[in-house]
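Trainee: Just the structure for this:
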Amino acid sequence: MRNHVRALRTERGWTQLDLAVQLGLSRQSVNAIEKEKFDPSLPIAFRIARLFDLSIEQIFLDEG
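Mentor: Okay, here's the model as predicted:
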């Protein structure tokens, strides 16, 4: 699933580790989400959306 996580993170000047700590994930998990190699679970997607103050649909793009 395509997403805007990397762009949102870099706009805020955060490293992958900064984002991982805020989400309670590993840096490797954040990297995998950004590279679209891993789709986050719905609870993680909600945490990401809340952190960036956006809706899930504004961050994750359904290619269906």
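Trainee: who touches Gln22 in this structure?
Mentor: Residues near Gln22 by Cβ atoms under 8 Å, 6 or more residues apart in numbering: Trp14, Leu51. Using the backbone N, CA and C atoms, a C-beta is placed for each residue, glycine as well.
Trainee: confidence score at it?
Mentor: The model reports Gln22 with a pLDDT of 98.
Trainee: same question, Ala45
Mentor: 98.
Trainee: wait, what's in contact with it?
Mentor: Neighbour list for Ala45: Ile56, Ile59, Phe60 [criterion: Cβ under 8 Å, 6+ apart].
Trainee: Buried subset of those residues, written for ChimeraX?
Mentor: Buried members of the contacts of Ala45, defined by 16 or more other Cβ atoms under 10 Å, are picked up in ChimeraX with:
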select :59,60
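Trainee: Which one of the contacts of Ala45 is nearest to Ile48?
Mentor: Comparing the contacts of Ala45 against Ile48 with Cβ to Cβ places Ile59 closest, at 6.2 Å.
Trainee: I'd guessed the closest one sits against Met1; true?
Mentor: No: with contacts counted by Cβ atoms under 8 Å, Ile59 stays clear of Met1, the gap being 9.9 Å.
Trainee: so how far is the longest helix that the chain contains off the chain centroid?
Mentor: The longest helix of the chain (DSSP state H) is helix 42-52. Between the centre of helix 42-52 and the centre of its chain there are 7 Å (Cα atoms, centre = their mean, to the nearest Å).
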